[in-house]
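**Q** build me a model:
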Amino acid sequence: MGEQAIQDIYPEDYAWCYGCGRLNEYGLQLKTVWDGEQTVTTYTPRKEHTAIPGFVYGGLLASLIDCHGTGSASMALHKKNGHVIGDGAEPPRFVTASLHVDFLKPTPHGTPLKAIGIVEEIHPKKFKVMTEVYADKICCAKAEVVTVVMPETFT
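**A** Below is the predicted model of the structure:
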């Protein structure tokens with residue numbers, strides 16, 4: 001790892017997302033990178049992401065998974081189109097069509113969370129990202145995110 005994140009090269013007009021927008025000073029500013037054939041996003045929850053003392057709010061996990069999924073799909077299509085992050089080509093942007101999360105274990109607060117994804121193309125403009133979220137070595141959530149290329153009507 002250590003490479004540039006896909007969110008670092010989103011155009012400014014699309015860099016405001018609460019979850020992954022680098023220009024949203026109040027957001028999470030999530031970053032997704034390749035790790036071999038898998039995608040990875042790591043994030044350390046802040047104090048305000050508490051559900052009950054000692055545990056992370058489930059909505060944070062859903063946000064992490066959501067933005068990890070769209071970022072992963074963007075990286076996969078960018079790669080399929082013959083590009084690497086940072087080569088000057090603008091990456092495709094995705095939006096979430098479906099988000100299904102299974103919360104497996106309470107997520108401890110105070111440890112970095114690691115979302116690991118496997119991307120599967122299911123249509124030229126639709127990708128499915130299977131994601132597992134770990135706190136240390138404990139899998140706290142599993143999810144399926146179906147993403148679609150951002151419609152032209154969003155611009």
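**Q** can you map out the helices along the chain?
**A** 58-80 (DSSP state H).
**Q** what's the residue closest to the geometric middle of the protein?
**A** Of all residues in the chain, the one closest to the mean position by Cα atoms, centre = their mean is residue 68, 1.0 Å from it.
**Q** was I right about that one contacting residue 132?
**A** No - contact criterion Cβ atoms under 8 Å: residue 68 and residue 132 do not qualify, at 10.3 Å. (Glycine included, C-beta is placed from N, CA and C.)
**Q** what ranges of this structure fall below the confidence cut-off?
**A** 1-2, 155 (pLDDT under 70).
**Q** farthest residue from the center of it?
**A** Distance from the C-alpha centroid of the chain, by Cα atoms, centre = their mean, peaks at residue 53 (25.5 Å).
**Q** what sits against it?
**A** residue 109 (Cβ atoms under 8 Å, 6 or more residues apart in numbering).
**Q** same question for residue 151.
**A** Residue 151 neighbours (Cβ under 8 Å, 6+ apart): residue 95.
**Q** please redo it, this time with the cut-off set to 10 Å
**A** When contacts are counted by Cβ atoms under 10 Å, 6 or more residues apart in numbering, residue 151 touches 93, 95, 125.
**Q** same question, residue 147
**A** With Cβ under 10 Å, 6+ apart as the criterion, the residues that contact residue 147 are 66, 69-74, 76-77, 93-99, 119, 122, 125-129.
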